[in-house]
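[1] quick one: sequence plus predicted model below, questions after.
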Amino acid sequence: MPPATTGTTDTSDTAGTTDTTDPADATAATGRAGTAGPAGTAGPAGTAGPGAADRPAAGKPGAAPGRAAARLLRSALADSRRAALRLALWTMLSAAPALVSGKALALAVDRGFLGHRPGQAALWLAVFAAVTLLGAWASRQTYPWLAEIVEPLRDRLMRAVVTGTLHRTVAARGRRDGSAAVAVAQLTRQVEAVRDAAAGQLLVVSHFALTAVAVVAGTAALAPAAVPLVAGPLLGSLLAFAALAPATVRRQRRAFLAEEELARLCVDTVQALRDLVACGAQGRAEHELVAAVAANAAAGRALARVAAVRRLVVAAGAHLPLLLVVLAAPALVRRGMTAGEVVGVLAYVTGTLEPALRLLVQGVGASWLRMAVAAERLADAARLPEAEGLEAEERAEGLEADGPEARPADGSVVLAGVTFAYGAAPEPVLDGLDLALADGEHLAVVGPSGIGKSTLADVLCGIVPPGRGRVLLGGVPPGAVPEAVLARSRVLLPQDAYVFAGPLGENLRWLAPDASAGAVAAAVSALGADALVARAGGLDGQLEPAALSAGERQLVALVRAYLSPARLVVLDEATRHLDAAAELRVEQAFRGRPGTVVTVTHRPGPARRADRVLLLDGAAPHLGTHAQLLATVPAYADLHGGPAGDSRPDGGDGPDHDGPDGGDGPGGVWRPVGAVNSPDGSSDR
């Protein structure tokens, strides 16, 4: 039986062994992006995450925000080329009135009204009306193709933000930093801002570009002398708009940041309200919250001032050409322009150019800037955690992530100086824990609720990386193992088993899809699930999770884990809803299965039957056999009901040890002497 290493008090003969490993060499094996999800648990939760092929590429850490945002949008729009082409064709047709309006009105005036031919005037006006109707119909056709672009864009952006947020949350090792509140603001406000803005930009920018070309071309064909009067102010207004863009982007970015900070502070304050009142800190919290509200309002006012300046741009680009054409009309007429041509130029400016420019400056000025800043924020949210530290450690270990060495050799586990805390300030849940488990060993982890047993299970399986120390699974760090390989190397059964609606056989084969019917039948028989299979109508019977009891769901998950190829099985209260006889049968089945088994339990029966027991009680952990701990560790004896409580020092078990509901002891659970909380009253987290 392998000895315990330092960090636990081992009552075996090898207690007191010292570890000369330099702490600097025992750094944490940080989790690889994608390996932190519960893909290797006994249920499919978390396996629906998007793959790299489905996820928009996020900006790399350290990349310029503008480039990262452009890369994110480009990736999200990559599959919309066909829809964009159709949208462009319909937009070109919708711009036909801009090209025809001035010429049609000029002919109606010159050949119709001034020539006293009302019929011709009506004809040219009818042509203009027909072209306008054609443009309106073409505009209507643009919207379905616009939806084909922006709706998938929204879905891809939301997938990218959720994926990045989840990966960074796992990499943060449980630290609470308000990122959840920020993610809510990003998903509810900023993704919609990008979607709405993108829809507007595709229409506004394309329509304005075609309209401006049509107006200048139409003016040149109608009255070449008037082109400088129209094109000059238009170009100047566009340059002024471009000059205003950087300042507007900065103010829009401040507005978004102020909004996110206000959301984060509101959530933090509400969650900590009881503690704030208890500590007499509500005044300071109120001051910070009011300051955040004021900063948000100030950012909004600064943005509004820029919007007012944009109105001057509209005046310069559209109203100034109108004034110049009116003032120059007598000179233009003397140079050969007709009255109808002057009216046509004015129609181009007032009826076509001015609305298009106003829509561009106001729409792009607000909408495009909101999209640019929101896309920058979303690109940062979609960013996956850096993996450089992990890769460097893997190279130092000679364990490349994609190399053949990055595969656990067996079910052995080594923890060296492992420390884990949910955040930077709280006391560590695990502090300098050292543990060595040989392949095939069975360990029971016991202790009061909230002490860190479930956290230890997560660390053992590589679901969360430790803050300090090293975890080796089969001789390699879990973070260095490809996700698919890690999922086949270890399996974790949580306290509440996951069962999905569908055939019973698919539920049982979830971790071993190629398992034969014979292997499934043997596993069902070994774990005592024959009655459950019969009630379900066989392996093809349909399961309804809500119709199963908690114990039946645990049986399904236990068979699933038994069938898996994993050499390490971690049972986190996975038999809590089974009676004593069923629990004993499950233990015997897993004892006959190759590999290592770690059982987190509140019951004394599994501890008596395990090869060794790890006691977590808030002080120094204790590791040894059941008999050794019972004789030498008072805290373990208290959990067990005192030294006299174990009438079978050889670790035997029988019905006289089990409570009326199938548990151990009165009521079926451990009743620690002097314990404040019930061991099964809360999660171990």
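    Looks like it arrived, so ask away. Numbers count the residues shown, from 1 in each chain.
[2] and Leu571, that one's in a helix?
    No. Counting by DSSP: H, G, I helix; E, B strand; the rest coil, Leu571 falls outside a helix, being strand.
[3] is it bridged to anything, and to what?
    Taking DSSP bridges, one obtains Leu493, Thr599 as the residues bridged to Leu571.
[4] i'd like the first residue to be 7 from this point on
    I'll keep to 7 as the first residue from here, and by that count the last item is Leu577.
[5] what sits against it?
    Leu499, Ala567, Phe596, Val603, Val604, Thr605, Val606, Thr607 (CB atoms under 8 Å, 6 or more residues apart in numbering). Placement of C-beta: from N, CA and C, glycine included.
[6] what's the separation between it and Pro612?
    9 Å (CB to CB, to the nearest Å).
[7] what sits in contact with each of those two?
    In contact with both Leu577 and Pro612: Thr605, using CB under 8 Å, 6+ apart.
[8] dump the contacts of Leu577 into JSON lines; add pLDDT, distance to His583 and neighbour count as well.
    JSON lines is the format used below for the contacts of Leu577 (pLDDT from 0 to 100; distance: CB to CB, whole Å; neighbours: other CB atoms under 10 Å):
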{"residue": "Leu499", "pLDDT": "88", "distance to His583": "12", "neighbour count": "25"}
{"residue": "Ala567", "pLDDT": "92", "distance to His583": "15", "neighbour count": "28"}
{"residue": "Phe596", "pLDDT": "91", "distance to His583": "17", "neighbour count": "21"}
{"residue": "Val603", "pLDDT": "93", "distance to His583": "19", "neighbour count": "23"}
{"residue": "Val604", "pLDDT": "94", "distance to His583": "19", "neighbour count": "27"}
{"residue": "Thr605", "pLDDT": "92", "distance to His583": "15", "neighbour count": "28"}
{"residue": "Val606", "pLDDT": "91", "distance to His583": "14", "neighbour count": "28"}
{"residue": "Thr607", "pLDDT": "88", "distance to His583": "13", "neighbour count": "25"}
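[9] buried residues in stretch 134-150?
    Of all the residues in stretch 134-150, those buried under the rule 16 or more other CB atoms under 10 Å are Phe134, Val137, Gly141, Ala144, Ser145, Gln147, Thr148.
[10] same thing with stretch 586-602?
    Ala586, Ala588, Glu589, Leu590, Arg591, Val592, Glu593, Ala595, Phe596, Arg599, Gly601, Thr602.
[11] residues contacting it, please?
    Contacts for stretch 586-602 (CB under 8 Å, 6+ apart): 416-419, 443-449, 532-534, 557, 561, 564, 568, 572-575, 577, 581, 584, 603, 605, 609, 611-612, 615, 659, 661, 663-664, 668-670.
[12] do stretch 210-222 as well
    So stretch 210-222 is in contact with 93-94, 97-98, 100-101, 104-105, 108, 233, 236-237, 240, 354-355, 358-359, 362-363, 365-366, 369-370, 373, going by CB under 8 Å, 6+ apart.
[13] from the buried residues of stretch 134-150, pick the one nearest Ala269.
    Taking CB to CB as the measure, Thr148 is the one of the buried residues of stretch 134-150 closest to Ala269, at 35.1 Å.
[14] ok, the residue lying closest to that closest one once chain neighbours are set aside to Ala237 distance?
    Leaving aside its sequence neighbours, Thr148 sits nearest to Trp96 (CB to CB, 6 or more residues apart in numbering; 4.5 Å). Spatial separation of Trp96 from Ala237 under the definition CB to CB is 27 Å.
[15] can you tell me the helix or strand for Val477?
    If you go by DSSP states H and E, Val477 is part of strand 474-479.
[16] distance from stretch 90-107 to the middle of the chain?
    40 Å (CA atoms, centre = their mean, to the nearest Å).
[17] ranges for the strands of this protein?
    Secondary structure of the chain, counting by DSSP state E: strands at 15-16, 419-426, 436-443, 448-452, 474-479, 496-499, 508-509, 548-549, 574-578, 602-606, 618-621, 628-630.
[18] output the ones you listed as a markdown table; include the columns distance to Val349.
    Below are these laid out as a markdown table (distance: least, CB to CB, whole Å):
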| stretch | distance to Val349 |
| --- | --- |
| strand 15-16 | 99 |
| strand 419-426 | 79 |
| strand 436-443 | 84 |
| strand 448-452 | 89 |
| strand 474-479 | 81 |
| strand 496-499 | 79 |
| strand 508-509 | 72 |
| strand 548-549 | 76 |
| strand 574-578 | 83 |
| strand 602-606 | 86 |
| strand 618-621 | 93 |
| strand 628-630 | 96 |
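[19] to Ala227, which of those lies closest?
    Using CB to CB, these put strand 508-509 closest to Ala227, at 68.2 Å.
[20] taking the mean pLDDT, what do you get for that closest one?
    Averaged across strand 508-509, pLDDT comes to 89.
[21] counting by contacts, list what it packs against.
    Contacts defined by 3 or more CB pairs under 8 Å, 6 or more residues apart in numbering; DSSP states H and E place strand 508-509 against strand 548-549.
[22] what does the strand it packs on rub up against?
    With CB under 8 Å, 6+ apart, strand 548-549 has contacts from Val505, Phe506, Ala507, Gly508, Pro509, Leu510, Asn513, Ala542, Val562.
[23] and those residues, which of them are buried?
    Buried among the contacts of strand 548-549 (16+ other CB under 10 Å): Val505, Pro509, Leu510, Asn513, Ala542, Val562.
[24] what sits closest to the third one if chain neighbours are left out?
    By that I understand Leu510. Leu510 sits nearest to Ala542 (CB to CB, 6+ apart), 4.7 Å away.
[25] surely the one you found touches Gly508?
    No. With contact defined as CB atoms under 8 Å, Ala542 does not reach Gly508; the gap is 11.2 Å.
[26] any chance of the contacts of Leu577 in CSV, plus distance to Arg290?
    Converted to CSV, the contacts of Leu577 look like this (distance: CB to CB, whole Å):
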residue, distance to Arg290
Leu499, 45
Ala567, 50
Phe596, 54
Val603, 51
Val604, 45
Thr605, 47
Val606, 41
Thr607, 44
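[27] return the closest of those residues with respect to Val115.
    Closest to Val115, out of all of those and judged by CB to CB, is Leu499, at 85.1 Å.
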